[in-house]
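**Q** what follows is a predicted protein model with its sequence.
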Amino acid sequence: MTGTVAGARTAARARTPRAVPVRTRLLRWSPLLPATVLLLLFLAGPIAYCVYLAFTDTQLTGQESASFVGLANFRHAFGDPGFRNAVVLTLVFTVVSSILGQNTLGLALAGLMRRASRPVRVLTGAVVITAWVLPEIVAGFLLYTFFERRGTLNAVLSWLHLPTQNWLFTLPILAVSFANVWRGTAFSMLIYSAALSDIPPEVTESAEVDGAGGLRRLWHITLPMIRRSIGTNLMLNTLQTLSVFGLIWAMTRGGPGNRSQTLPVFMYDQAFLKSLIGYGTAVALLLLLVGAVFAAGWLRLMREEV
């Protein structure tokens, strides 16, 4: 009996993990030290400094020293008609170009390309992906020449004997939204192409045998089975669209007036054109908050069970 108890204690001690010396743990983490230092220096450091600037009245010119103003910049933002206009235009730009445009068109292209012949798939993929890989500023200039008064769109309308107009003046926010759809649809198409390829063919075949039409299969089978991919695509597309600056700046510079001035353009105007660094940084933090709200919604959608 005594030997059995002693053997059990010995086995228990053998199973108990021995404490790893501190030096060994430090050596294990040492390869990550350079990357950690770089992240702290070039990422965490600037972010912390921007948070500090948002609570000061820092200006680029005409100021000897900055002073701490607390929440004054944020109160000024909520009372500023220009900021409220930028928030509304940012939401319109995001919903039209990202949620409705890129997301819906990307899913449609992915579904159609599954049924298309190989040459059609290659040609369509090449055209769509070429628009995606173009630098934002280059895409902005291309779409400017398409929408401007003497541009390609009005030339086609004139050839068809249809009325023309200066699209960048009459409908600027819709023009830049369309430009963002044209440039960013490829990402959604790639996401949905991968998601649709993971759906077992026997599932859709069984639905067809049971008499389910195309719309019923889409609503009751396809969309539920790619729900997580939809959430991922919506989150990434929304965050990217909220930060679009170069495209809008190249096409309209936020004009005419402020009719296409989204939050990134408004932030740039306040911080660098009007030299109000403190106020512009506060607007940047509010833009970050808007992105966090969207991301939280999409993450909740992804966590829900299908």
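**A** The structure has been received and is ready for your questions.

**Q** I'd like to know how many residues surround Leu41.
**A** Leu41 has 10 neighbours, counted by other CB atoms under 10 Å. For every residue, glycine as well, the C-beta is placed using N, CA and C.

**Q** quick one: pLDDT of it?
**A** On the pLDDT scale, Leu41 is placed at 83.

**Q** what does the one 3 residues further on give?
**A** Ala44 carries a pLDDT score of 83 in this model.

**Q** try Leu196
**A** Reported pLDDT for Leu196: 86.

**Q** tell me the pLDDT of Ala12.
**A** 49.

**Q** please apply the same query to the one 4 residues further on.
**A** Per-residue confidence for Thr16 comes out at a pLDDT of 52.

**Q** could you do Glu305 as well?
**A** Reported pLDDT for Glu305: 50.

**Q** so what's Leu223 up against?
**A** Applying CB atoms under 8 Å, 6 or more residues apart in numbering to Leu223 gives the contacts Ile230.

**Q** element containing it, please.
**A** helix 223-225 (DSSP states H and E).

**Q** any idea which helix or strand comes after that helix?
**A** helix 227-242.

**Q** okay, that next one in PDB with CA atoms only?
**A** The C-alpha coordinates for helix 227-242 follow below in PDB (Å, rounded to 0.1, in the frame of the first residue of the first chain):
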ATOM      1  CA  ARG A 227     -22.700  34.700 -43.900                       C
ATOM      2  CA  ARG A 228     -19.300  35.000 -42.200                       C
ATOM      3  CA  SER A 229     -17.600  35.900 -45.500                       C
ATOM      4  CA  ILE A 230     -20.300  38.600 -46.000                       C
ATOM      5  CA  GLY A 231     -19.500  40.000 -42.500                       C
ATOM      6  CA  THR A 232     -15.700  39.900 -43.200                       C
ATOM      7  CA  ASN A 233     -16.100  41.700 -46.500                       C
ATOM      8  CA  LEU A 234     -18.500  44.300 -45.100                       C
ATOM      9  CA  MET A 235     -16.200  45.100 -42.200                       C
ATOM     10  CA  LEU A 236     -13.000  45.400 -44.400                       C
ATOM     11  CA  ASN A 237     -14.800  47.300 -47.100                       C
ATOM     12  CA  THR A 238     -16.400  49.700 -44.700                       C
ATOM     13  CA  LEU A 239     -13.200  50.500 -42.900                       C
ATOM     14  CA  GLN A 240     -11.400  51.100 -46.200                       C
ATOM     15  CA  THR A 241     -14.100  53.300 -47.500                       C
ATOM     16  CA  LEU A 242     -14.200  55.400 -44.400                       C
END
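
**Q** pLDDT on the helix holding Leu223, on average?
**A** 84.

**Q** show me how far it is from its chain's centre.
**A** How far helix 223-225 lies from its chain's middle: 22 Å, per CA atoms, centre = their mean, to the nearest Å.

**Q** list the buried residues in stretch 195-215.
**A** 195-196, 204, 207, 212 (16 or more other CB atoms under 10 Å).

**Q** what of stretch 169-177?
**A** 169, 171-177.

**Q** pLDDT-wise, which helix or strand of the protein ranks last?
**A** Least confident helix or strand, the chain: helix 2-15 with a mean of 52, by mean pLDDT, DSSP states H and E.

**Q** remind me which residues of the stretch 201-306 of the chain are low pLDDT?
**A** Applying pLDDT under 70 to the stretch 201-306 of the chain flags the ranges 304-306.

**Q** ok, back up a step: would you turn the buried residues of stretch 169-177 into a markdown table with secondary structure, pLDDT and distance to Leu301?
**A** Listed next are those as a markdown table, based on DSSP: H, G, I helix; E, B strand; the rest coil; pLDDT from 0 to 100; distance: CB to CB, whole Å:
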| residue | secondary structure | pLDDT | distance to Leu301 |
| --- | --- | --- | --- |
| Phe169 | helix | 91 | 38 |
| Leu171 | coil | 90 | 31 |
| Pro172 | helix | 93 | 31 |
| Ile173 | helix | 94 | 26 |
| Leu174 | helix | 93 | 27 |
| Ala175 | helix | 93 | 30 |
| Val176 | helix | 94 | 27 |
| Ser177 | helix | 94 | 23 |
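
**Q** nearest to Val92 among those?
**A** Ile173 (5.8 Å; CB to CB).
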